[in-house]
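In: model the structure of this input:
(one chain, ligands or ions: 1)
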Amino acid sequence: MEITPYYHKQIDCINCKKKFNTTKVRSKFVKVEKQESDFQPIYANKEINPILYNAFVCEHCGFSFTEDFTKYFAPGVKEEIQSKITANWNPHSLGNERTIEEAISAYKLAFLSGSVKKEKYVATAGLALRTAWLYRLLENEEQEKRFLTIARNHYSDSYSNEDYAGTQMSEVRIIYMVAELSRRIGDREQATRFFSRVIEKQSTSVEPKLIELAKEQWQLMREENEKGAL
Ligand SMILES: [Zn+2]
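Out: Numbers count the residues shown, from 1 in each chain. Reported below is the predicted structural model:
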């Protein structure tokens, strides 16, 4: 039997507890060719993009989530999900192979679900960032910038609230994301402030590659500024 890149996985909805199927990509079919300066992975095979499948959409209640969501629901949140998400939900499945547009819908639902559930800012920032990457693949710059701005703002809130603690995002990585996303959306003041904070960490950070990347992107921004001044 030929092994296909995709397989179905059964997920238990963390909200309504019902089961539904989602599609996943077998890791042997995924090879990262390079990474953009905001960590968007560029895959060797453009046809198979695992990022399309990170958000699970419950076909029963509409609640959508990723593996980063916590299982805990604060009092009152389920009622809010019922009125803000499920009441407007037309039951349908996003569990098969997805187009980029369908994946964007899945991320937007997960962003809404995560916001209603009050997931950590570091989690909602990641959802907005991935939405921006998908718009980049569609070459829709306006929507890409819109979602980069949301991601930047949520990473900034994560930094102030320190809600990245205990996740795979380190402090220096959060600061870098605020800087680089600020650069990409043209907020030079914030980009400068945060790139310099990354570089201040160079004697204590265990992520030397990130410090180097920050120096490169800061330099790139200076060159852009000089060009802009002409
Ligand atoms: Zn559900």
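In: helices and strands of this structure: which one has the lowest mean pLDDT?
Out: Lowest on mean pLDDT, DSSP states H and E among the helices and strands of the chain sits helix 208-229, with a mean of 89.
In: any buried residues in it, and which?
Out: 210-211, 213-214, 217-218, 221 (16 or more other Cβ atoms under 10 Å). All C-beta spots, glycine's among them, are computed from the backbone N, C-alpha and C.
In: cool, stretch 152-172 as well?
Out: Applying 16+ other Cβ under 10 Å to stretch 152-172 flags 152-159, 163-164, 169-172 as buried.
In: wait, does stretch 92-109 contact the ion?
Out: No: judged by Cβ under 5 Å from the ion, stretch 92-109 stays clear of the ion, getting no closer than 11.3 Å.
In: where along this structure do the helices fall?
Out: 77-84, 100-116, 121-137, 141-161, 171-184, 188-200, 208-229 (DSSP state H).
In: rewinding a little: closest to the ion out of the buried residues of stretch 152-172?
Out: Of all those, the ion sits closest to H154, with 24.1 Å by Cβ to the ion.
In: verify the stated contact: the closest one with A132.
Out: No: here H154 does not reach A132: they are 11.7 Å apart, not a contact under Cβ atoms under 8 Å.
In: residue contacts, the closest residue to K24 other than its chain neighbours?
Out: The shortest distance from K24 to any non-neighbouring residue, by Cβ to Cβ, 6 or more residues apart in numbering, is to K9 (5.0 Å). By Cβ atoms under 8 Å, 6 or more residues apart in numbering, the residues touching K9 are 21-24.
In: and for S205?
Out: Going by Cβ under 8 Å, 6+ apart, S205 touches 172, 211.
In: ok, it to the ion distance?
Out: Plainly put, S205 is 41 Å away from the ion if you go by Cβ to the ion, to the nearest Å.
In: and that residue, how far is that from S170?
Out: S205 sits 8 Å away from S170, going by Cβ to Cβ, to the nearest Å.
In: between those two, which contacts overlap?
Out: Joint contacts of S205 and S170 (Cβ under 8 Å, 6+ apart) do not exist.
In: what does this structure have sitting close to the ion?
Out: 13, 15-16, 58, 60-61, 63.
In: of those, which is the most crowded?
Out: C58 (29 neighbours; other Cβ atoms under 10 Å).
In: so what's that residue scoring on pLDDT?
Out: C58 is assigned a predicted lDDT (pLDDT) of 98.
In: what's near enough to touch it?
Out: 11, 13, 15-16, 18, 20, 64.
In: which of those residues fall in strands?
Out: 11, 20, 64 (DSSP state E).
In: low-confidence bits of this protein, can you list those?
Out: 1, 229-230 (pLDDT under 70).
In: returning to what we had before: can you redo the ones in strands among the contacts of C58 as JSON lines with neighbour count?
Out: What follows is these, written out as JSON lines (neighbours: other Cβ atoms under 10 Å):
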{"residue": "I11", "neighbour count": "18"}
{"residue": "F20", "neighbour count": "19"}
{"residue": "S64", "neighbour count": "25"}
